[in-house]
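*Asks:* I would like the atomic coordinates for the input below:
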Amino acid sequence: MIKGVISDMDGVMLDSEKLYVRFWCEAAQSHGYPMKKEHALGIRSMARPFAIQKLQGWFGEGFDYDKVRDTRVKIMDEYISAHGIEAKRGAKALLQWLKANNIKTALATATAVDRATLYLDKVGLLEYFDVIASARMVKRGKPEPDIYLYAAGQLGLDPKDCLALEDSQNGVRSAAAAGCKTVLVPDLDNPENELKDLLFATAKNLENVIDIIKNSK
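*Replies:* Residues are numbered from 1 along each chain as shown. A predicted model of the protein is given here:
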């Protein structure tokens, strides 16, 4: 029986992954690094140490992660301030259903808590989460299992009683390693074939997650 749902934010609850891809590329290119979409997708949900290693492998040891990230944060924040941010289809319907059915909810995100709460509040989703867990709260970020273990602990649940919602390979590996029943909700790509041995299910959208939970009982 599913007692809790732990969800990634970007690309799952918020339609923001496309913004990260766009602005990572723009920021890197402004500093002379030829980052493309596939590079940005490769570091989705990835903790800072792993992302640095990956990026320096692609662009050389001189890749200045902090400088590029600071630029990315600045231009992305400016864009969101001007244009706003959108929730993913079915996000509020799912969260309302979870609350009505007394299923606890947590966020497990690589995004800093202050920014995550700001974004969720902008789209009216913040009130539905019992716990906000950020990669900065754990020793190792995704794809390691720490953030899902921490989030489940904060909910007072065993990870095996939690459904995890993820859109990226790094996130799926993190949730599965923690022992969660992991559901892939594809966003910018669909890595289902590479991850099928780790998945409890694949959802077409967040509304489909309700049926997955009902059928898991």
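
*Asks:* following the lowest-mean-pLDDT helix or strand in the chain, which helix or strand comes up?
*Replies:* In the chain, no helix or strand scores lower on mean pLDDT, DSSP states H and E than helix 192-195, which sits at a mean of 90. Sequence order places strand 201-202 as the next helix or strand after helix 192-195, per DSSP states H and E.

*Asks:* Just the buried residues of whatever helix or strand comes next after that following strand, please?
*Replies:* Reading on from strand 201-202 to the C-terminus, the next helix or strand found by DSSP H and E is helix 206-216. Neighbour-count burial for helix 206-216 flags Leu206, Val209, Ile210, Ile212, Ile213 (criterion: 16 or more other C-beta atoms under 10 Å). Glycine gets a C-beta too; all of them are placed from N, C-alpha and C.

*Asks:* Name all residues that make contact with the residue nearest to the fourth one when sequence neighbours are not counted.
*Replies:* With C-beta to C-beta, 6 or more residues apart in numbering as the measure, Ala201 is the residue that lies nearest to Ile212, at 4.9 Å, once sequence neighbours are left out. Counting by C-beta atoms under 8 Å, 6 or more residues apart in numbering, Ala201 touches Lys181, Val183, Leu184, Ile212.

*Asks:* count of neighbours near Leu157?
*Replies:* 18 (other C-beta atoms under 10 Å).

*Asks:* go on, Met137?
*Replies:* By other C-beta under 10 Å, neighbour count at Met137 equals 15.

*Asks:* how close does Gln96 get to Lys122?
*Replies:* 18 Å (C-beta to C-beta, to the nearest Å).

*Asks:* more crowded one of those two?
*Replies:* Of the pair Gln96 and Lys122, Lys122 is the one with more neighbours under other C-beta under 10 Å, namely 15 against 11.
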